[in-house]
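K.L.:
build me a model:
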Amino acid sequence: MRRVGAAVGWCEDSGAPGAAERSGRASERRRDSHTGNGEAAPVSDTPTPAGDDGPEDHDDNVALRLEQLIIGAEREYTPFQAAKAAGVPMEMASRFWRAMGFPDIGQAKALTEADVLALRRLAGLVEAGLLSEPMAVQVARSTGQTTARLADWQIDSFLEGLTEPPEPGMTRSEVAYPLVELLLPELEEFLVYVWRRQLAAAAGRVVQEQDDAELVDRRLAVGFADLVGFTRLTRRLEEEELGELVETFETTAADQVAEHGGRLIKTLGDEVLFAADDAATAAGIGLRLIETMADNPILPELRVGIAFGTVTTRMGDVFGNTVNLASRLTSIAPKDAVLVDDAMRKELTAAGAAPAPGPGDPAPDGRDHRFTLRPLHQRPVRGLGIIAPWQLTRPG
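P.N.:
Numbering: from 1, shown residues only. Predicted structure coming up:
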């Protein structure tokens, strides 16, 4: 079944916004079609007789109508014309467009007034000195990557399910347009609301940092949760079953991380990466992930690795030896177990969240211990030397 919306927006398959190109077909009625050498093909202003419209022509028309509805403007600029109208050098415009994930469209007349305004706004932040040009490129890249994934999810899992033709003879494209028309303003307002809430939370964390260095290099607890035997499952399950499993895993993990005070950094299909400001929060999340996944019969076993230390944050992601160590701990963790590094163990015992294993790390008196720690054999890990993992459990 042809996916509704695949033709809307900047499409990598076609190299331009709009409908995906069909092989062996060069429609003069489409402004974004290309010749074999990558140059824009001539656009015919001669209308095609209505009787000649086939199903694909009809889909193209619906795709263009959807694009105009969603973007709110018609195609009227080539990239050069859009850059000129925005008062931005073509080189800078191309840099911004690439950062946002838009493919090179040559000189097809496929851009709209909305593209001009967005380009002018981003360049204006640089001109006003509010952002450096490299920072503006980062803003474009992070926004493009995040919203591209959101848009794909909404089409694949949301819009596609709602646009099943309700009556025989109706096409999906006939259902899509009025549905998008109704949903678009509501989803737009909801997106802005969630973004503002997340921005407020992130800003609150930043202003609490002690100095500027901590804004980039921070001490965090970082954890990975990994499904055991996922590669074998991909060979055994049908595509739909595998998709449902991944969706269940990611949704369950995201809910648990958020509920217990952590931050979901990213999902990787069979693995999630999360972070927390303190060791006890991360430890609680790790154990809750194991417990929650074990209660779901469709999910395989899980293993979790958590490390504590200095982490470099950039564009919403985390990097550094602490992240690498958490990943290595996950790879050696037994099924349905949480492994932590020695720095994580020290943080837990110092806070009284776990009993001290020896006289070197006394825990504060008078506190109930939330966790227990059992030392495992030290082992060499490539690139990280000898590590001393600890298995984290609950008391009793």
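K.L.:
C-alpha from now on. contacts and neighbour counts both.
P.N.:
Fine.
K.L.:
and the strands in the chain?
P.N.:
10-11, 16-17, 217-227, 263-267, 271-276, 302-314, 317-319, 337-340, 372-375, 379-381, 385-387, 390-393 (DSSP state E).
K.L.:
can you add mean pLDDT, mean neighbour count and distance to Val180 and give those back as CSV?
P.N.:
Compiled in CSV, the strands of the chain are given as follows (pLDDT from 0 to 100; neighbours: other C-alpha atoms under 10 Å; distance: least, C-alpha to C-alpha, whole Å):
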stretch, mean pLDDT, mean neighbour count, distance to Val180
strand 10-11, 42, 21, 18
strand 16-17, 39, 26, 18
strand 217-227, 91, 24, 36
strand 263-267, 89, 18, 28
strand 271-276, 93, 24, 31
strand 302-314, 92, 24, 34
strand 317-319, 87, 16, 32
strand 337-340, 96, 27, 44
strand 372-375, 93, 17, 52
strand 379-381, 83, 12, 51
strand 385-387, 86, 12, 53
strand 390-393, 95, 22, 48
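K.L.:
distance to Val175 added to those strands, as TSV?
P.N.:
Listed next are these as TSV, based on distance: least, C-alpha to C-alpha, whole Å:
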stretch	distance to Val175
strand 10-11	22
strand 16-17	22
strand 217-227	38
strand 263-267	32
strand 271-276	35
strand 302-314	41
strand 317-319	38
strand 337-340	48
strand 372-375	56
strand 379-381	55
strand 385-387	58
strand 390-393	52
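K.L.:
to Ala354, which of the ones you listed lies closest?
P.N.:
Closest approach to Ala354 among these (C-alpha to C-alpha): strand 372-375, 5.4 Å.
K.L.:
what pairs with the closest one, parallel or antiparallel?
P.N.:
strand 390-393 (antiparallel) (DSSP bridges).
K.L.:
residues making contact with the strand it pairs with?
P.N.:
Outside of strand 390-393, the residues within contact range by C-alpha atoms under 8 Å, 6 or more residues apart in numbering are 283, 287, 337-342, 345, 371-376.
K.L.:
just the residues you listed now: which is nearest Leu233?
P.N.:
Ala337 (20.1 Å).
K.L.:
which residues touch the closest one?
P.N.:
Contacts of Ala337 (C-alpha under 8 Å, 6+ apart): Leu287, Ile290, Leu302, Arg303, Val304, Gln391, Leu392, Thr393.
K.L.:
so which of those comes closest to Glu247?
P.N.:
For these, the nearest to Glu247 is Leu302 (15.2 Å; C-alpha to C-alpha).
K.L.:
next up, the contacts around the closest one.
P.N.:
Ala225, Asp226, Leu227, Val228, Ile290, Met293, Ala294, Lys335, Asp336, Ala337.
K.L.:
how close does it get to Ser331?
P.N.:
11 Å (C-alpha to C-alpha, to the nearest Å).
K.L.:
Thr330: how many residues sit nearby?
P.N.:
A count of nearby residues for Thr330, using other C-alpha atoms under 10 Å, gives 26.
K.L.:
what's the closest non-adjacent residue to Phe319?
P.N.:
Nearest residue to Phe319, sequence neighbours excluded (C-alpha to C-alpha, 6 or more residues apart in numbering): Thr312, at 5.1 Å.
K.L.:
any idea what the one you found is bridged to?
P.N.:
On the basis of DSSP bridges, Thr312 is bridged to Asp217, Phe319.
K.L.:
isn't it up against Val318?
P.N.:
Yes: with contact defined as C-alpha atoms under 8 Å, Thr312 reaches Val318; the gap is 5.6 Å.
K.L.:
longest helix anywhere in this structure?
P.N.:
Secondary structure of the chain per DSSP state H: the longest helix is helix 172-207.
K.L.:
any idea how far that one is from the chain center?
P.N.:
The chain centre lies 15 Å from the centre of helix 172-207; the measure is C-alpha atoms, centre = their mean, to the nearest Å.
K.L.:
buried residues in that helix?
P.N.:
Neighbour-count burial for helix 172-207, counted by 16 or more other C-alpha atoms under 10 Å, picks out Arg172, Ser173, Val175, Ala176, Tyr177, Val180.
K.L.:
for this structure, which segments count as helices?
P.N.:
With DSSP H as the criterion, the chain has helices spanning 55-71, 79-86, 90-99, 113-127, 133-153, 160-162, 172-207, 213-216, 230-236, 239-259, 279-294, 321-332, 342-350.
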